[in-house]
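**Student:** Here's my sequence, what's the structure:
(one chain, ligands or ions: 2)
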Amino acid sequence: MSREKLLLKISGKIVNPDNPEIIARYADTIKKLVDEGKRIAVVVGGGRYSRAYIKCAKALGLNNAQADMIGIEIARVNALLLAYALGDYAYTPIPRSVEDVQRAWSSNKVVVVGGLQPGQSTAAVAAVVAETLGIGKMLYATDVDGVYDKDPKRFSNAKKLSVVSIDELVNFMSQRYEAGGYELLDPIAIQIIRRSCIEVIVFNGFETSNVEKVLRGESIGTKIVPCK
Ligand SMILES: Nc1ncnc2c1ncn2[C@@H]1O[C@H](COP(=O)(O)OP(=O)(O)O)[C@@H](O)[C@H]1O
Ligand SMILES: O=c1ccn([C@@H]2O[C@H](COP(=O)(O)OP(=O)(O)O)[C@@H](O)[C@H]2O)c(=O)[nH]1
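**Tutor:** Ligands and ions are numbered 1, 2, ... in the order given. As a prediction, the model looks like this:
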């Protein structure tokens, strides 16, 4: 019987040097899922450190691709923190391409990825890694409770959606399509999720117990229905 496969996308606002205790809790959570027989791929974002470097890159007059490349490296460093915290459960070094991801996956270890290429966010990385590895479910652990009808950080009357279709989603995404932007799901992520019918659950990742709650089918966060 084939083992259940899972893609866990964790915001860089969560996995970063400010939060060693949360990183340790995610490592324990992931190890438990592996011990239960699941195959896990993890994608980690860049968070505030990547945005600090991107701000500096822009101040130096670097172009968006160069700023993105720096954000990519910071996401990879955050990913390496988690991979090392996973010890022998995780594959290292951090894959730097889709080909590397495929090679790492064949090790049967947890594969932890940061950024891949300019012009997208780690949400797109999560989607392309899931598609490449034939993973149909993505847990999207972020710094808000789910998808809202508008940015909850900018609008106090924003309403959380419990279910949203991938086609409706674009109406709620305020896209700053630039290095450090790409809030929530960027256009590339949305296209890949749609074409490969990847089910996505967006939930608050600061509470690591939410991972188990989502896997138990508890209705927390937002379920993105990927296709008809
Ligand atoms: N419609 C929306 N619903 C929820 N969050 C949104 C929405 N529009 C914009 N956002 C913003 O997206 C942020 C999460 O996106 P992002 O920073 O890319 O996440 P991550 O760090 O998980 O990659 C939230 O902090 C929120 O401010
Ligand atoms: O494949 C990738 C992944 C990340 N980034 C850059 O790295 C930054 C940090 O990644 P992300 O925004 O996904 O991290 P978050 O803080 O949202 O978790 C992005 O804004 C992009 O500028 C990129 O260019 N390509």
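
**Student:** Show me where this structure has its strands.
**Tutor:** 5-10, 39-44, 111-113, 137-142, 163-165, 199-204, 222-225 (DSSP state E).

**Student:** With distance to E21 added, can I get these in TSV?
**Tutor:** Just so you know, the C-beta spots here come from the backbone N, C-alpha and C atoms, and that holds for glycine as well. Shown next, in TSV, are the strands of the chain (distance: least, CB to CB, whole Å):
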stretch	distance to E21
strand 5-10	14
strand 39-44	16
strand 111-113	18
strand 137-142	15
strand 163-165	32
strand 199-204	16
strand 222-225	26
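
**Student:** Deepest in the core, which of those is it.
**Tutor:** strand 111-113 (a mean of 29; mean count of other CB atoms under 10 Å).

**Student:** counting contacts, what elements does that strand pack onto?
**Tutor:** If contacts are counted by 3 or more CB pairs under 8 Å, 6 or more residues apart in numbering; DSSP states H and E, strand 111-113 sits against strand 39-44, helix 64-85, helix 98-105, helix 122-133.

**Student:** go again using 10 Å as the cut-off
**Tutor:** strand 5-10, strand 39-44, helix 64-85, helix 98-105, helix 122-133 (3 or more CB pairs under 10 Å, 6 or more residues apart in numbering; DSSP states H and E).

**Student:** Run the chain-centre distance for that strand.
**Tutor:** With CA atoms, centre = their mean, to the nearest Å as the basis, strand 111-113 stands 11 Å off its chain's centre.

**Student:** now stretch 5-16
**Tutor:** Using CA atoms, centre = their mean, the offset of stretch 5-16 from its chain centre is 5 Å.

**Student:** worst-scoring helix or strand of the chain, pLDDT-wise?
**Tutor:** helix 166-169 (a mean of 91; mean pLDDT, DSSP states H and E).

**Student:** how deep is the nearest residue to F155 once chain neighbours are set aside tucked in, by neighbour count?
**Tutor:** What sits nearest to F155 in space, not counting adjacent residues and going by CB to CB, 6 or more residues apart in numbering, is Y148, at 7.9 Å. Y148: 20 surrounding residues under other CB atoms under 10 Å.
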